[in-house]
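Chemist: Provided below are the primary sequence and the corresponding predicted coordinates.
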Amino acid sequence: MASAVLNRQKTRFLPAIDQRAAPSNNKLLHRSRLKEKSKLPDPDFPENEKSQTTTITEDDIARFRKPVHHNLCVSMLREGFHRSFEEFFSLLQRWKASRLVAGEDSALWQQRPLEEQPHKLETLKELLTRAESAERSNQYVEVYENYLALAKFFSEPDDRWLQHHFCKLSLLSACKVKMDSGKREAEANAHIGQLYLEQGDLELAQEHYEMFHHLVVGRTWQDESGCPLLSRACEGLWRVYTLQAQRQLQNKDYSPAIHILTKAYDVAKQGDRKIEGEAAYRVALAYQSFGDHRTAKQFLNTFVEISTALEDTASLGRAYKAIAQSLESEGKLNETIQYLQKYAEISEEINQDQGLQDACMCLGSIQSSRGEYVSACEYFIRAYEIACDLGSVPLLQKAQVSLGITRAHSMLRTYSSLVANNEPQSLLTLIRWKETREEFHKPPYEKK
């Protein structure tokens, strides 16, 4: 019994740590099947396509983690465009500084920041690097074209400061072009002059337009649309001079205004005929304000000749009205009526109702001042009807008041004679009018 107990082998409940269990037959079978399955072709992919491992670089990570302007700056520096980077970065800083100075309550603060507009940033980087590459090889024509493309690209109202900046850069590069006789320099001055004109800075606009005009005088250059650059220069310079003269006229400085407008007229004569006519008309109006109606009529006659040659009936109507005003100031009422009637006929011909209403009001006022109340009322009635068609309350009220005053003047003589007569029949007539207003509501000039 004891020997049986001693001879019994000791069994362990857990295997030894240093001993590895031999794989069972089931595990071996499972592994062999997995290997065979891995050798089979995958039906979703071609047999000849091998699995590829995608490597993500630091640039790929930065493209998602960093903002667009940061990546563009890094790209320019890596490609060696240091001047483009400097220009790009300075514009971003300039935008931020302007926005901070304006404050949170300003309209500038409400605009979308430049950093949040990837399309504009990418275009800015592309054209800046092109311009720098062209400048390195002294290709200043290409430099000018890239800067001009940037100026045209930033044409939105919020981007006017960028447009102005690149117009200046295009002018600097255009001055370095020596093979075009100054054509691109002239175009660049025209672009900057137009920007200053839109901003209301007439002195700087005058400076650039005068340079533009100086460069194109005697040249046959044309722009992309086929318009002569000389005509554009004359028109732009005429507009600048005209606006300067208008400021003088507002302050009633007639002599300086007439001098500026005369200079504008001399410039306009070198360009388009229509601009020449408008310039003559402006000079005439200035002489009218000054009280020199004789000289005003000379320029107005020039305006009439040009408008007739160009078959510009609207301008012809304005000329007739201005001539009528000068004639009225000289006391020539018969001639005034003739020109106002021409003004009315032209306005009716071209369906310009406002001009026709204006002519009828002028004619009615002149006829009323001469005591021609019948004719005056006819004109005022016509003016009233046109004002109703136009739906203009101020014009309608003015015509109503003028018509009422004229009718009262037309009845005044009859009413006064009936009162002064002091007879029973006269008193009965006045009483009947008081009750019905019929006879005086329809004055004698309207009876047939």
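Modeler: Structure's in. What do you need?

Chemist: Please name every helix or strand in contact with the longest helix along the chain.
Modeler: Secondary structure of the chain per DSSP state H: the longest helix is helix 393-421. When contacts are defined as 3 or more CB pairs under 8 Å, 6 or more residues apart in numbering; DSSP states H and E, helix 393-421 packs onto helix 353-369, helix 373-390, helix 424-436, helix 438-441. Where you see a C-beta, it was placed from the backbone N, CA and C, and this is true even at glycine.

Chemist: quick check: mean pLDDT across that helix?
Modeler: Across helix 393-421, the average pLDDT comes to 85.

Chemist: buried sites along that helix?
Modeler: Residues 395-396, 398-399, 402-403, 406-407, 410-411, 418 are the ones in helix 393-421 that count as buried (16 or more other CB atoms under 10 Å).

Chemist: Next: stretch 258-271.
Modeler: 258, 260-265, 267-268, 270-271.

Chemist: Among the residues you listed, which has the minimum pLDDT value?
Modeler: Minimum pLDDT across those is recorded for G271, with 87.

Chemist: doesn't that one fall inside a helix?
Modeler: No. Going by DSSP: H, G, I helix; E, B strand; the rest coil, the assignment for G271 is coil, not a helix.

Chemist: how about low-confidence regions in this structure?
Modeler: By pLDDT under 70, the weakly predicted segments of the chain are 1-65, 437-448.

Chemist: can you do 80?
Modeler: Along the chain, the parts satisfying pLDDT under 80 run over 1-66, 411-427, 429-448.

Chemist: how about the strands in it?
Modeler: For the chain, applying DSSP state E gives no strands.

Chemist: export the buried residues of stretch 258-271 to CSV and tack on distance to F81?
Modeler: Converted to CSV, the buried residues of stretch 258-271 look like this (distance: CB to CB, whole Å):
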residue, distance to F81
I258, 55
I260, 47
L261, 50
T262, 52
K263, 47
A264, 46
Y265, 50
V267, 44
A268, 46
Q270, 44
G271, 43
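
Chemist: Among these, which lie within helices?
Modeler: Per DSSP H, these map to helices at 258, 260-265, 267-268.

Chemist: pretty sure L390 is touching Q357, no?
Modeler: Yes. Counting by CB atoms under 8 Å, L390 touches Q357, with 6.9 Å between them.

Chemist: Out of these two, name the residue with the larger neighbour count.
Modeler: A direct count of neighbours by other CB atoms under 10 Å for L390 and Q357 places Q357 higher, at 25 against 14.

Chemist: gap between the more buried one and V177?
Modeler: 55 Å (CB to CB, to the nearest Å).

Chemist: Equivalent analysis for R232, please.
Modeler: Taken as CB to CB, the span from R232 to V177 is 20 Å.

Chemist: So for those two, which sits in the more crowded spot?
Modeler: Shown here are R232 and V177; by other CB under 10 Å, R232 has more neighbours (24 against 18).

Chemist: Check whether that one really touches H191, as I assumed.
Modeler: No. Between R232 and H191 there is no contact under CB under 8 Å: 10.9 Å.

Chemist: Hmm, C388 and L395 touching each other?
Modeler: No. Judged on CB under 8 Å, L395 makes no contact with C388 at a distance of 9.1 Å.

Chemist: what residues are up against the spatially closest residue to A188 that is not a sequence neighbour?
Modeler: For A188, ignoring the flanking residues on the chain, the nearest one in space by CB to CB, 6 or more residues apart in numbering is L171 at 3.9 Å. By CB atoms under 8 Å, 6 or more residues apart in numbering, the contact list for L171 reads 185, 188-189, 191-192.

Chemist: returning to what we had before: could you export the helices and strands packed on helix 393-421 as TSV, including distance to K252?
Modeler: As requested, those are exported to TSV (distance: least, CB to CB, whole Å):
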stretch	distance to K252
helix 353-369	25
helix 373-390	31
helix 424-436	50
helix 438-441	46
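
Chemist: E87: which of those is closest?
Modeler: Closest to E87 of the helices and strands packed on helix 393-421 is helix 353-369 (CB to CB; 51.8 Å).

Chemist: Could you pull up phi and psi at S225?
Modeler: According to degrees, to the nearest 10, the main-chain angles of S225 amount to phi -90, psi 0.

Chemist: Could you report the separation of R413 from N71?
Modeler: 91 Å.

Chemist: To clarify, my last question referred to E378.
Modeler: 78 Å.

Chemist: ditto for E311
Modeler: 60 Å.

Chemist: what about those two, which has more around it?
Modeler: N71 (18 against 8).

Chemist: what residues are up against A359?
Modeler: Counted by CB under 8 Å, 6+ apart, A359 has contacts 321, 340-341, 343-344, 347.

Chemist: Columns distance to G236 on top of these, output as a markdown table?
Modeler: Below are these laid out as a markdown table (distance: CB to CB, whole Å):
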| residue | distance to G236 |
| --- | --- |
| K321 | 28 |
| L340 | 35 |
| Q341 | 38 |
| Y343 | 31 |
| A344 | 35 |
| S347 | 31 |
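
Chemist: What subset of the residues you listed is buried?
Modeler: Buried residues within the contacts of A359, counting neighbours by 16+ other CB under 10 Å: 321, 340, 343-344, 347.

Chemist: Next, the distance between the ends of stretch 111-118.
Modeler: Taking CA to CA, to the nearest Å, the first and last residues of stretch 111-118 lie 15 Å apart.

Chemist: Report the distance from it to the chain centre.
Modeler: Stretch 111-118 has its C-alpha centroid displaced from the chain centroid by 23 Å (CA atoms, centre = their mean, to the nearest Å).

Chemist: Also stretch 182-200?
Modeler: Stretch 182-200 sits 16 Å away from the centroid of its parent chain (CA atoms, centre = their mean).

Chemist: Identify each buried residue in it, please.
Modeler: Here stretch 182-200 shows 182-197 as buried, counting by 16+ other CB under 10 Å.

Chemist: ok so, going back, out of the buried ones among the contacts of A359, flag the one nearest to E423.
Modeler: After measuring those against E423 - CB to CB - the closest member comes out as L340, at 43.0 Å.

Chemist: Return the residues in contact with I350.
Modeler: So I350 contacts 313-314, 317 (CB under 8 Å, 6+ apart).
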